[in-house]
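Q: Provide a 3D model corresponding to the input given below.
(chains A, B, C, D, E and F, ligands or ions: 3)
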Amino acid sequence: MKKRVIQFLLALSVVMIPIGAIATVSHMSEGAKVEAKAQKEVYESKGFGEMLYNFWKQTGIYAFLHPQEGVKNAKGDEVTKFQQSFGRLIMIGITFLLFYLAIAKGFEPLLLIPIGFGGLLANIPLANIIGDGGFIGELFKAGIENELFPILIFMGVGAMTDFGPLLANPKTALLGAAAQFGIFGTLVGAVALSQLGVFDFSLQDAAAISIIGGADGPTTVFIASKLAPDLLGAMAVAAYSYMALVPVIQPPIMKALTTPEERRIKMTTKRKVSQLEKMLFPLTVLVLTILILPESSPLIGALTFGNFVRESKVVERLSKTLQNELINIVTIFLGLSVGSKLAAEYFLVPETLGILILGLVAFSVGTAAGVIMGKIMNRLSKEPINPLIGAAGVSAVPMAARVANRVGMEEDPTNVLLMHAMGPNVAGVIGSAVAAGVYLSIF
Amino acid sequence: MKKRVIQFLLALSVVMIPIGAIATVSHMSEGAKVEAKAQKEVYESKGFGEMLYNFWKQTGIYAFLHPQEGVKNAKGDEVTKFQQSFGRLIMIGITFLLFYLAIAKGFEPLLLIPIGFGGLLANIPLANIIGDGGFIGELFKAGIENELFPILIFMGVGAMTDFGPLLANPKTALLGAAAQFGIFGTLVGAVALSQLGVFDFSLQDAAAISIIGGADGPTTVFIASKLAPDLLGAMAVAAYSYMALVPVIQPPIMKALTTPEERRIKMTTKRKVSQLEKMLFPLTVLVLTILILPESSPLIGALTFGNFVRESKVVERLSKTLQNELINIVTIFLGLSVGSKLAAEYFLVPETLGILILGLVAFSVGTAAGVIMGKIMNRLSKEPINPLIGAAGVSAVPMAARVANRVGMEEDPTNVLLMHAMGPNVAGVIGSAVAAGVYLSIF
Amino acid sequence: MKKRVIQFLLALSVVMIPIGAIATVSHMSEGAKVEAKAQKEVYESKGFGEMLYNFWKQTGIYAFLHPQEGVKNAKGDEVTKFQQSFGRLIMIGITFLLFYLAIAKGFEPLLLIPIGFGGLLANIPLANIIGDGGFIGELFKAGIENELFPILIFMGVGAMTDFGPLLANPKTALLGAAAQFGIFGTLVGAVALSQLGVFDFSLQDAAAISIIGGADGPTTVFIASKLAPDLLGAMAVAAYSYMALVPVIQPPIMKALTTPEERRIKMTTKRKVSQLEKMLFPLTVLVLTILILPESSPLIGALTFGNFVRESKVVERLSKTLQNELINIVTIFLGLSVGSKLAAEYFLVPETLGILILGLVAFSVGTAAGVIMGKIMNRLSKEPINPLIGAAGVSAVPMAARVANRVGMEEDPTNVLLMHAMGPNVAGVIGSAVAAGVYLSIF
Amino acid sequence: MILEAVKYMILGMGVVFVFLYLMVVVLDLQHKLLMKFFPESFEDSSKEPPVTTKREKLKKVAAITAALHHMKNS
Amino acid sequence: MILEAVKYMILGMGVVFVFLYLMVVVLDLQHKLLMKFFPESFEDSSKEPPVTTKREKLKKVAAITAALHHMKNS
Amino acid sequence: MILEAVKYMILGMGVVFVFLYLMVVVLDLQHKLLMKFFPESFEDSSKEPPVTTKREKLKKVAAITAALHHMKNS
Ligand code: NA
Ligand code: NA
Ligand code: NA
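A: Ligands and ions are numbered 1, 2, ... in the order given. Next comes the predicted model:
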C-alpha cells in the first residue's frame, strides 16, 4: 500500500509542479506580452496594458501571491493573509488527500469525493461559488441551513436498512446504547481539556463535537448545523474520515479489551422475525421517541419513515426512489455543501485540530464502551454474547459490523458474527439519534 | 376481511398498550432515579434534580399529560388543551388507520403512507418538524405554498396517461363533463346547508371542498392551497380516501340507476387512433384552454406538457423521468407536506366532519350524474352506450374505469368495458381541471 | 423533407383553423346563451348576465381580441397592445415551429420541447404561470436566477463526457481555442454594428450575445442570466436552434475553406490513454482554472466535478444519477424556465432579430476560425491534421464532431475522423467556459 | 348566497360542457382531416415492432443454440 | 463547567439507555404477542418465492430449448 | 467603443489560447511522467473485462445447455 501512496504523491506532483512552474512562466510571459502589445498598439498602449494588468490582478496566481489585509470571502467572512495564500494551497492539498483516500483506499467515496470537490471549489480565490448566488452557496441554503439534506439522507438510510438482525436479538440494542458513551464521555473530556486551557471550546461546541462519536454522518451534519455551524466542515470531515477508518481504529482496541476466549465465543440463538414485526418496528420506535424524546423526532422520524416505506411492501416505487435517486441526488448536494466549509478561512483555524483529536477519541471511547458492555452482558445473560459485537454499537453501518466479524474470524475462522453484529450496529444509529435529541433538548 | 381488522387492532394494541404502561412506569422510575441520584450526588443535588426535571418537562409524555393554555405550535397557531392531549392521540390513531387502509386494504398506498406519516410527525409535541426550519415545514414552503408539487405530479400523470381511448371515442368526454356535477352540485348543497346552519362554510370554502368531487388528488391539493389552505389536510385526506374507496362507493349507485339490460349493453365502435393524433391531442386541449379558460392553464398546462413529452416520442428519457423519479420524489414530498395538516390543531376542528361528509356526497353525486348522462346519451346516440361507463367520468384514474368494467362483467362476463370506460375516465381529469379553473376565475 | 413541412403545416392548421372558427362561434353562442338565460331566469337576469359577462372577459379569446393599454404581465412588466394580441399568437406559432423542429427534424428535442412548451405557457393571457407563485415563475427563481440549473446540467455533461480523445491528442485543443473567435469576433462585430446604428446593444449585451458562438447551451444560459437577463429567451433559443442546425450551417463553410486534398488527409497518431490520466484530467483543468481564471470556476468546476465523479470509478451510483435522473429533471425545469422568456413581451422586441442574426454570424465565424486554425496547424505540425476537425472546435458536442466526420467521408469514405474530431469538440466546451470567465472578469 | 351558488353551478357546468363539447368537435374534425391527409398515419405500424423483436429474439436464441450444438459436436 | 458536562453525561447516557432498554422490552413483548396471535406470520413465506422463480426460470429455459430442439429436428 | 471591443477580443482570445495551450503542455508533461512512472497503467486492462464477460456468458449458456441436454437425456 505504501507504494501506492508514493505513486499517488508522485502523480500529484506531476500535476502540481509543472503547474507551479508554468504559472511563474506564464506570469513572466504575460508581462512580456504586455510590453510586446504596448509597442505594437502604441495609440492605446496605456489602455490595453491597464486592461491586461487588471486581468492579471483577477487571476488566481495573483491572489495566491499577493494576499491582502481585510479581504472578505463570498459570505462576508474575513480571510487572513495566511489563509489567502498558503492556507488555500494547504486546503487544496487536503482535498487531494481526501480524493486519494476515497479512490485508492476506498474510504467512504460516496461522501469524500463530493466533500473534497466542494472543498476544492471553496478554496478558489475571487470566485463566488460558496456565497449568495454561487451554486454551492445556493445548495447550502437549500438544504443545510434548514436541515433538509441530512434528513433526506436519513430517509434513504431508513429505506436501505434491514432491522431484522436487531429484531432477532433485541437485547443487543444495549450494546448500541453503551457505545454512545463515546459521545458523552468525549463531552466531559472536551470540557475538561477546555478548562485546562488545552482547547477553547464552549460547552455547546464541545457537545456538537462529541457527536462525532456517534459515527453517523447525517446526525453529525444535523447537529453541527444546529449547534456549531462554524465547525461543520471539520466535524463532517472528521466523522466521515473516521467512519472510513473504522477498520484501522477499532481492531487494536477490541483486541486489547478482550481475551482470545471471549473472541471465540459463538453466538447461536436467533429468533425468527416476521414481516409484520419488521413493519411495526419503525412505528414502535417512533412512538417511543414521541413519548420520551420529541427533540429526536426529526432524525428518528425520517429514519423510521424510510424504514416504514420499505417494510410496508406496498409502495415499492417510493422505497426504491428513497434508496436510489433521492439519496444519490441529496448526497451530491450535501457533499458539495459540506465541502464549502473546507474553505481555508473556516478549516484552518485552531479548533480544527481539536475536533480531529476529539473525534478520534470519541470513536475509540465508543468502541471501548461497546466492548466492555459486551463483556458485562456476556456475564449477566444466559446466552453467550461475544463482546466483539459491542464494538459495532458505534454505528458506522455496516463497516463496524464487518470489522467485528473479521476480528472474530481471526481467532476462529468458523465463527460468523456478522448478523449478530448488525443488531448493535443499527441500534447504534438509533442511539446516536437519541443522543442528538438530548443535546437539542438541552441547548 | 373483518378478521384482519381485528388482527390489526390487536397488533396496534400490542404497540400502544405496553407503551402506555411503560410510559407511566418510566415516569415513576425516572422520578425514583431523581431521588437516587439526589442522594448519591449530594453536593450538586439541586442542580441535577432540576436538570432531570427540565428534561422530564421536555418529554412527550409530559406534554400529553399536562396540556397548557395558550400553547402555540411550530407555525405560531394556537393549540387548545384538548388538541394537545387527547387530540394528538386521536390523530395518531387516525394516521395508524390510514396505514391500515394503505397496507392491509391496498387503498392508494402511494399517497396514504406519506400523508399518514406526515400526520404522525405533525402531531409530535414540542418538536418543530412542521414549522420554519423543520423539514416538513421546509418541504411545505418549497412545494405546496407555491403550487409546485401538485403541478409536478400532474406532469407525471400526463406522462403516464394514454389518451388513446378518449381519442377512439371522443364523445364519451361528455360523460366526464356530466360527472363534474359532483363538484357544482355539492357547492350548492354545501352553501344551502351552511345557510341552514348545519355547517359554517363561506362560499369560497364551500367551493374548495366541492372540488373533492373532482376525484383528483393534485387538483384538490392545488385548489385547497389556493382557496382554503386551512382545510388542506382534511380535503386531501377526504379526496385520496374516497378515491381509494371508489370500488365501495360507486357500485351501489351504479346499480340503483341502471337496469340489468342497460348494464348488458355492449359497446363496439372504436375508431383507429394514429400516433399523430395522440401527439396533437395535448396541444389541442391546451389551445382550447388558452382560448376559453386561461385560469385552468397551470393544471391543464402541466397535464398536457407531460402528455406531449410522452407522445412526442423523441424525448423518451424526459418522459421516463416524469413518470418515475420526478413523480416519486414529489409524491413523497407532497404526501409528507399534506400530512402536516393532519396536526390535531388543524384537523380536529368542526369543519373536518363537514368536509368528510360533503366529499362523500360529491363523489356520489358525480357518479350518479355520470350514469344518468350515460343513459341520456345512450338514448340520443346511434351507437349503443353503456351507462356504467358514465360513472368513470369522475376520474379517479384508473380505478373508476375498472369498477365500471367489473360491474358490467357481473351482469355479462363477456362484456369488456374497460377501454370504453377509460375515455370518460381521462376526460374527467380534464373536466375537473376545467372546474378548478372556473373557481379560480371566480374567486 | 419539404413534403413533411407541408404536412406539418397542414396538421397545424387542422388544429388552428377549426379552433379559430369555433372560438368565434362560441363567442356568438355564448352571447346567445346569455340572452337565453336572461329570459329564463328573469328574477336574477342582471346578476347572471353580469356573471357570464365577467367570465367572458376572463377568457383567452376576449384577451386576444381586446388588448388593452397599460396591461402588465405576471412579473409586473408592461405588455403592449400588439404583444397582447397578435404578438402572443405569433409566439404560439413560433413554439409550434420549435415543436416541429424537435419532432420532425430531431433538432435538440431534449431542450426544444421543454423550452417550446414553456413558451406556450408563457403566452397565455391572464394566467399567472410565469409570475410569483406560478409554477414556471417558481422554477425560474429556483434555478435560473441563481445559476443553479445550468451548473447542474454542466455537472451532468461532465459525467457524460469522455475526454479520452482529447487526451489522446491534446494539441487539437488549440482548434477548440481558435473556434472561440466566433465569440470574440462577434463581440467586435456587434459593437461595430451598434456604433453604426444597425443594432442598439450595449457593450455588455453585445458580449452576452456573442457567447452564443460558444455553441454551448448551459454556458449561454449562465452568461445570459448574469449579463443580460432580458435577452435570455432569445439567446437560449438562438443557441439551441443553431446547435441543432450545425449540420446545415457548418458544411458549406468547411468546404469553402478547404481543398479536397485537405479534406482527404488521414490522421493516424493517437497515443494511448490510461485510466489514471483520465482521472487526473479534471483536476488538472480545474487547477489551471484556479490559477488563471477563477471567474470560470463555477462552469469549469461543475464540468470537472461531473467528470471526476465519472472517472474516479468509485462512485458509480453518483455518476449515473448525474447522467440520468438529475440532468433529466433539471433539463425539464431549465427548459420550462427558459421558455418563460418566450413571452411576447420579452421576445417580440427589436433586439431579438439582432440576437438571431449575430448568433448565426458567431457560429459561422467560429466554424471558419476553427478550420483556418486547422490549416495552419496542419502546415506547422509534423503529423498531418485534417482541417475539417477544426470546425468541431465550436463545441455543440457531439453534433459538430459528427459533421466533421461526415464531410470528411464525403471526400473519402474510408477516412474516419470522428474520434479525432472529438478532441477539439470537447476542448471547445472548455474554451467557451474560459471565454465566459473572461466576460465575467470584465463585467 | 344559495342563489349565488346556483349561478356558479350553472356557469361551472356550462363551462365544463362547452369546453369538453368543443373538444369533442375539434377532435372529430381533426380526426377527419388526418384521415384524409395522413391516411398512412393510421396504419398499424405500432403493433409490429414487438412482433419483430420477439421474432428476432427467437432467431437469436436459435442461432446461439445452433452454435452451441455445433461447438459440442465438433 | 466540568460538573455541568458530567451532569449532561449522566443525563445523556441515562436517556439513551432508558430509551433503548424500553425499546428492547417493547420489542420482546410485541414479539411474544405476535407469536401468540399471528403465528402464521412467522412462517417462512419470504424464502419461497425466489425458489419458485428459479424453478420457473429453469422451466422456461427447458421449454425454450425443447422448442428449439423440436424446430431443428423438424 | 469598438476599440474597447477589439481590446476585449485580444484579451479574450489571448486568455483562451494561453489557457488551452498551457493545458496542452501540462497534459503532455503529465503523459510523459505517467508513461515513465506508471507504465502499467497504460496496459489495456480496460478492454479485457468485456471479453471475459462475453466468454463467461458463453460458458454459462454452454453449461446451461449441457445441463438441459443431460436432463432431457436422463
Ligand atoms: Na451511533
Ligand atoms: Na374529475
Ligand atoms: Na465552445
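
Q: would you map the helices across chain D?
A: Applying DSSP state H to chain D gives helices spanning D:2-37, D:48-73.

Q: flag the shaky bits of chain A, pLDDT-wise.
A: A:1-46, A:269 (pLDDT under 70).

Q: centroid residue for it?
A: Geometric centre of chain A, nearest residue: A:Tyr240, 2.9 Å, by Cα atoms, centre = their mean.

Q: residues in contact with the helix or strand containing it?
A: Assigned by DSSP states H and E, A:Tyr240 belongs to helix A:232-244. Residues from elsewhere that reach helix A:232-244 (Cβ atoms under 8 Å, 6 or more residues apart in numbering or on different chains): A:98, A:101, A:105, A:107-108, A:111-112, A:115, A:119, A:144, A:208-209, A:211-212, A:215-217, A:220-221, A:224-225, A:228, A:249, A:338-343, A:346-347, A:351-352, A:355-356, A:359-360, A:363, A:396, A:399. (Each C-beta comes from the backbone N, C-alpha and C, glycine too.)

Q: at 6 Å what do you get?
A: Residues outside helix A:232-244 that contact it (Cβ atoms under 6 Å, 6 or more residues apart in numbering or on different chains): A:107-108, A:111, A:212, A:215, A:217, A:220-221, A:224-225, A:338, A:341-342, A:346-347, A:352, A:355-356, A:359, A:363, A:396.

Q: which of the residues you listed come close to ligand 1?
A: Filtering these for neighbours of ligand 1 using Cβ under 5 Å from the ion leaves A:Ala215.

Q: show me how to select, in ChimeraX, the buried members of the contacts of helix A:232-244.
A: Here is the ChimeraX command that picks out the buried ones among the contacts of helix A:232-244, judged by 16 or more other Cβ atoms under 10 Å in any protein chain shown:
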select /A:107,108,111,212,215,217,220,221,224,225,338,341,342,346,347,352,355,356,359,363,396
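
Q: so of the contacts of helix A:232-244, which ones are in helices?
A: A:111, A:217, A:220-221, A:224-225, A:338, A:346-347, A:352, A:355-356, A:359, A:363.

Q: of the residues you listed, which is the nearest to chain E?
A: Distance to chain E, by Cβ to the nearest Cβ, is smallest for A:Thr220 among the ones in helices among the contacts of helix A:232-244, at 15.9 Å.

Q: number of residues surrounding the spatially closest residue to the closest one that is not a sequence neighbour?
A: Using Cβ to Cβ, 6 or more residues apart in numbering or on different chains and skipping the chain neighbours, the partner closest in space to A:Thr220 is A:Ala239 (4.1 Å). Applying other Cβ atoms under 10 Å in any protein chain shown, we find 30 other residues in the vicinity of A:Ala239.

Q: do D:Lys32 as well
A: 11.

Q: then A:Met267?
A: A:Met267: 21 neighbours (other Cβ under 10 Å).

Q: how far away is the closest residue to it other than its chain neighbours from A:Ile265?
A: Nearest non-adjacent residue to A:Met267, counting by Cβ to Cβ, 6+ apart: A:His420, 4.6 Å away. Using Cβ to Cβ, to the nearest Å, A:His420 is found at 10 Å from A:Ile265.

Q: right, and A:Gly431 touches A:Gly176 too?
A: Yes - using Cβ atoms under 6 Å, A:Gly431 makes contact with A:Gly176 at a distance of 4.6 Å.

Q: residue of the stretch 151-300 of chain A nearest chain F, please.
A: For the stretch 151-300 of chain A, Cβ to the nearest Cβ, closest residue to chain F: A:Ala244, 24.5 Å.

Q: enumerate the residues of chain A near chain E.
A: A:170-171, A:173, A:177, A:180, A:184, A:187-188, A:191-192, A:195, A:272, A:274, A:276-277, A:284, A:288, A:292, A:431, A:434-435, A:438 (Cβ under 6 Å from any Cβ of the partner chain).
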